[in-house]
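>>> Take a look and give me a structure for this.
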Amino acid sequence: TKPIIYSLIAGIFLGIYLLTWLGALLFVFLFSVYFIIQFIIDHLRHKSTDYLCLIGVIVFFVALMIFLSISPGRLYQASLVIALLIPLVLYGVSWLMTLKEIKPAYYPLALVGLGLVGLAIFYMVNPSLLSSMLGRFSIFFPGGVALTTMEMQPLLFPRGDFSLALAWGNFTTGFFLSFISLGMLIYLAIKRGNAEKNLLVVWSLLILLATLGQRRFASYFAVNVTLLTGYLSVLIYYVIRFIIDYFRSGRTDYMSWQILEFVGFKELMARPAELPTRAERKRARLKRGWEGRFHPTIVHVSVSLWVIVVFFLVFFPNIAPAIATAKQARFAPSDAWCSSLSWLKENTPDPFDNPDFYYELHQSPSSGEPYNYPESAYGVMAWWDYGYWITRIAHRLPKW
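Below you'll find the model as predicted:
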């Protein structure tokens, strides 16, 4: 029951997200990639793929219904229908190959073949729509005129030369620490095939790729950096605890050993110490109470060191940038810009001869067809970065 409820909720939020942002197809693609990878992993490991099919169908079907009820755009329709078919096809192929006792190793090859056939059929039926869909992948590798727009510049090559300034300015140490966690999670994904960790890996890698392509996706990657840095911060505590216990007595705390083994450090030099019984722990507490004085324990020392390390490694580098950001509205239009755009709105003719046109809902033209502008329409020449200001404040059509 819970997977169905969570899938319904995920589908609702994905549908709302598609209505909110035109680039939300990125996450439809992300989930589709995850389903493909997880289906392959589960099939190769002889695990049931029923749960993946159920979740995928519910999520994409609900999102499709929500989107169609308000904004029936062909590109989004086709993308969501394809996303809906992916878990069904993957499940059908997996079920059929299992029934026929075909070697699991042929499953990825079968999917590649089906994918190529599907692309060929799609190209013959509607080549312009396929071209439009494939063009969306340009967000990962922008070029040409798009690179003159600040937010579309690559994170590590903002002006054509390699620089870590933008990465440091957006994430500070978290950018580099997240790669350590990501490496561990990739190792675990390959070794253990955990579905939850695989989703985090796919999500992080694709958003990282988008961020490297265009700096504006840094706000999305910030969520991944937070999760990955938090994951590493927890592991740091157990590493500290493990080291203290090992050098103190040659034996390690049981929990530290278990956690470190879980993340892949299996060949440890020391085995865990035996867990004390409940009676032994009670006697230890009573003894500390009788003595009436505070005695620092291994836990106190470990936590203290951990707080110091994590504070200076994760939090301290972000304090100054956070204060500086809070004191200023970065990239916001100046008073002069706002005044000029307000003048433009009040002293120039409306491009559509209707001031309320800006607030109305309008149907987008079909893919490949131009918008039918009235004779009164005109554009205001501007750099791309200022086009949004012209649209939102002056209610005029920017042209770049």
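
>>> shouldn't residue 49 be in contact with residue 93?
No - at 9.7 Å, residue 49 does not count as touching residue 93 under the criterion of Cβ atoms under 8 Å. Heads up, the C-betas are built off the backbone N, CA and C, glycines and all.

>>> excluding its backbone neighbours, what's nearest residue 233?
Computed as Cβ to Cβ, 6 or more residues apart in numbering, the closest residue to residue 233 that is not its neighbour in sequence is residue 310, at 4.9 Å.

>>> If you could redo that for residue 164, that was the one I meant.
Going by Cβ to Cβ, 6+ apart, residue 164 has residue 156 as its nearest residue, at 7.0 Å.

>>> Report the separation between the one you found and residue 149.
17 Å (Cβ to Cβ, to the nearest Å).

>>> Repeat that for residue 129.
26 Å.

>>> more crowded one of these two?
residue 129 (19 against 16; other Cβ atoms under 10 Å).

>>> A helix includes the more buried one, no?
Yes - applying DSSP: H, G, I helix; E, B strand; the rest coil, one finds residue 129 inside a helix.

>>> Could you shift the numbering so residue one becomes 419, and keep it that way?
That works, and once the first residue is 419, the last one we named lands at residue 547.

>>> In a helix, residue 522, correct?
No - Residue 522: not assigned to a helix; according to three-state DSSP it is coil.

>>> is it true that it touches residue 461?
Yes - when contacts are counted by Cβ under 8 Å, residue 522 is listed as touching residue 461 (5.6 Å).

>>> what's the overlap in contacts for these two?
residue 515 (Cβ atoms under 8 Å, 6 or more residues apart in numbering).

>>> Residue ranges in this structure under the pLDDT threshold?
Along the chain, the model assigns pLDDT under 70 to residues 490, 667-713, 785-786.

>>> And the strands in it, which stretches?
Along the chain, counting by DSSP state E, strands occupy 797-799, 815-817.

>>> Listing partners with orientation, what would you give for the first one?
Counting by DSSP bridges, the strands paired with strand 797-799 are strand 815-817 (parallel).

>>> And the partner strand, how far out from the chain middle?
Its chain's C-alpha centre and that of strand 815-817 lie 32 Å apart, by Cα atoms, centre = their mean, to the nearest Å.

>>> which residues are contacting it?
Contacts for strand 815-817 (Cβ under 8 Å, 6+ apart): 769, 795, 796, 797, 798, 799, 800, 804, 805, 806, 808, 809.

>>> what pairs with the residue lying closest to the last one once chain neighbours are set aside across the strands?
The reference is to residue 809. Nearest non-adjacent residue to residue 809, counting by Cβ to Cβ, 6+ apart: residue 816, 6.0 Å away. Taking DSSP bridges, one obtains residue 798 as the residues bridged to residue 816.

>>> Determine the number of other residues adjacent to residue 816.
17.

>>> before we move on, what about residue 464?
8.

>>> how does this structure divide up, domain by domain?
Structural domains assigned to the chain are 419-557, 558-745, 753-817, following automatic domain parsing.

>>> now the first one, how far from the centre of its chain.
By that I understand domain 419-557. That offset, for domain 419-557, works out to 17 Å (Cα atoms, centre = their mean).

>>> now the longest one
Relative to its chain's centre, domain 558-745 lies at 17 Å (Cα atoms, centre = their mean).

>>> Tell me which of residue 522 and residue 461 has more neighbours.
Comparing residue 522 with residue 461 by other Cβ under 10 Å, the one with more neighbours is residue 461, at 26 against 15.

>>> Confirm for me that residue 570 is in contact with residue 559.
No - assessed by Cβ under 8 Å, residue 570 is found out of contact with residue 559, at 11.1 Å.

>>> So for these two, which residue has more residues nearby?
Taking other Cβ under 10 Å, residue 570 and residue 559 do not tie; residue 570 has more neighbours (20 against 11).

>>> which residues does that one contact?
The neighbours of residue 570, taking Cβ under 8 Å, 6+ apart as the test, are 560, 564, 632, 633, 634.

>>> rewinding a little: among the contacts of strand 815-817, name the buried ones.
Buried subset of the contacts of strand 815-817 (neighbour count, 16 or more other Cβ atoms under 10 Å): 769, 798, 800, 805, 808, 809.

>>> Out of these, which sit inside helices?
residue 805 (DSSP state H).

>>> wait, which of the buried ones among the contacts of strand 815-817 is closest to residue 486?
residue 809 (27.0 Å; Cβ to Cβ).

>>> For that closest one, give its distance to residue 637.
21 Å.

>>> Kindly report the same for residue 787.
32 Å.

>>> same thing with residue 584?
Taken as Cβ to Cβ, the span from residue 584 to residue 637 is 13 Å.

>>> what does residue 718 give?
39 Å.

>>> just residue 722 next, same as before
From residue 722 to residue 637 the distance is 34 Å (Cβ to Cβ).

>>> what's the neighbour count on residue 523?
9.

>>> Verify the contact between it and residue 461 for me.
No - contact between residue 523 and residue 461 fails when scored by Cβ under 8 Å: they sit 9.8 Å apart.

>>> and residue 734, how many neighbours does it have?
12.

>>> OK, contacts around the spatially closest residue to residue 504 that is not a sequence neighbour?
Leaving aside its chain neighbours, residue 504 sits nearest to residue 450 (5.3 Å; criterion: Cβ to Cβ, 6+ apart). With contact set as Cβ under 8 Å, 6+ apart, residue 450 has these partners: 500, 501, 504.

>>> Just give me the closest of these to residue 746.
Checking the contacts of residue 450 against residue 746 by Cβ to Cβ gives residue 501 as the nearest, at 40.8 Å.

>>> Return the distance of the closest residue to residue 422 other than its chain neighbours relative to residue 556.
The shortest distance from residue 422 to any non-neighbouring residue, by Cβ to Cβ, 6+ apart, is to residue 476 (6.6 Å). With the distance defined as Cβ to Cβ, residue 476 ends up 31 Å from residue 556.
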